[in-house]
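Trainee: no letters, just coordinates:
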């Protein structure tokens, strides 16, 4: 592996910078304040990186059941992300890491959800990779920064524990809130995709689904055009998931409940 040397930073010393603020605001002369900077050493060094180990599976997840076209996009995304290292305190952004996911990068047209119904677009299907990555870092006990559930429930995913993504608009982000670097390992074939978070495993994670309630009934949507795909709708519902993170001795570190509201998927009639 290649280790990039650390770079020390600079930050404003606010106490020294604002020490003369009142005099500057009330004086008659030129009112400027010079920022006082100080060096801040890197918290994670090249030596730390050289000594890092990625021997333990902190969290992993597998999903399947995708189309051939979606599989092309999922495997390409998995290849891009495989081997990504997230340093302690660093936030990983799926959109920022992969960059654009268009035809120029080898992505193909596949299924997406558009305005509440099925459609197609270049890069479709990547939400399945996002869901797989989300669950991997969920079970690794890492901090979820942002994830966006699908607008309606997709049965191959765990209810209340899935994520969509859209190039430049909807991102998936997590923060490595451990003292050790973590590595994202991926594998994908024609039928499934697996994501593992590798590093130093210091926690155990339990997921509790709290059931479904507040059911809503589907409406009928009439569409036309070559891309229209007739479908039978399904009810919407509200659910919640509780993540319990414990240390390896069984002591609870945190307990967090996330509530998700799924819209009913419409009955689509093509004309």
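Mentor: Great, that's in hand. The structure presented is a predicted model; accordingly, all values stated were derived computationally and were not measured.

Trainee: show me where the stretch 151-271 of the chain has strands.
Mentor: Along the stretch 151-271 of the chain, the segments classed as strands by DSSP state E, counting those that start in this stretch run 173-175, 182-188, 192-199, 203-216, 220-223, 236-247, 252-262, 267-270.

Trainee: again with the stretch 1-150 of the chain
Mentor: For the stretch 1-150 of the chain, the strands defined by DSSP E, counting those that start in this stretch cover 9-12, 37-40, 56-64, 84-86, 91-93, 109-114, 117-122, 143-146.

Trainee: nearest to residue 49, of the ones you listed?
Mentor: strand 84-86 (7.9 Å; Cβ to Cβ). Where C-beta positions appear, they are placed from N, C-alpha and C, glycine not excepted.

Trainee: how about that closest one: buried residues?
Mentor: Within strand 84-86, the residues that count as buried by 16 or more other Cβ atoms under 10 Å are 85, 86.

Trainee: picking up where we left off before, residue 210: which of the strands of the stretch 1-150 of the chain is closest?
Mentor: Comparing the strands of the stretch 1-150 of the chain by Cβ to Cβ, strand 143-146 comes nearest, at 17.5 Å.

Trainee: the closest one: partners in the sheet, and parallel or antiparallel?
Mentor: Each strand paired with strand 143-146, and its direction, by DSSP bridges: strand 173-175 (antiparallel).

Trainee: quick one, what contacts the most centrally placed residue in the chain?
Mentor: Residue closest to the average C-alpha location in the chain (Cα atoms, centre = their mean): residue 172, at 2.6 Å. Residues near residue 172 by Cβ atoms under 8 Å, 6 or more residues apart in numbering: 93, 94, 95, 130, 133, 134, 146, 147, 148, 163, 165.

Trainee: quick one: low-confidence parts of the chain?
Mentor: For the chain, residues meeting the criterion pLDDT under 70 lie at 1-2, 27, 29, 43-44, 111-120, 123.

Trainee: wait, residue 33 sits on residue 23?
Mentor: No. Using Cβ atoms under 8 Å, residue 33 makes no contact with residue 23, being 10.0 Å away.

Trainee: more neighbours: which of the two?
Mentor: residue 33 (13 against 10; other Cβ atoms under 10 Å).

Trainee: what's the closest non-adjacent residue to the more buried one?
Mentor: Excluding the flanking residues, the one nearest residue 33 by Cβ to Cβ, 6 or more residues apart in numbering is residue 24, at 5.5 Å.

Trainee: mind listing what that neighbour touches?
Mentor: 31, 32, 33.

Trainee: count the neighbours of the second one for me.
Mentor: By that I understand residue 32. Count around residue 32 with other Cβ under 10 Å applied: 6.

Trainee: how much space between it and residue 22?
Mentor: Residue 32 sits at a distance of 15 Å from residue 22 (criterion: Cβ to Cβ, to the nearest Å).

Trainee: quick revisit: out of the contacts of residue 24, which is nearest to residue 11?
Mentor: Distance to residue 11 across the contacts of residue 24 (Cβ to Cβ) is lowest for residue 33, with 16.2 Å.

Trainee: what is the end-to-end distance of stretch 180-198?
Mentor: End-to-end distance for stretch 180-198: 10 Å, by Cα to Cα, to the nearest Å.

Trainee: I'd like the numbering to begin with 462 instead of 1 from here.
Mentor: In the new count, where the first residue is 462, that last one comes out as stretch 641-659.

Trainee: for it, buried residues please.
Mentor: Buried residues in stretch 641-659, defined by neighbour count with 16+ other Cβ under 10 Å: 641-647, 649, 653-659.

Trainee: was I right to think residue 611 contacts residue 589?
Mentor: No. Between residue 611 and residue 589 there is no contact under Cβ under 8 Å: 10.5 Å.

Trainee: okay, these two: which has more neighbours?
Mentor: Between residue 611 and residue 589, counted using other Cβ under 10 Å, the more crowded position is residue 589 (31 against 18).

Trainee: quick one: contacts for the more buried one?
Mentor: Residue 589 makes contacts with 524, 527, 531, 535, 654, as judged by Cβ under 8 Å, 6+ apart.

Trainee: try residue 603
Mentor: Going by Cβ under 8 Å, 6+ apart, the list of residues near residue 603 reads 519, 520, 635, 636, 637, 638, 639, 643, 658.
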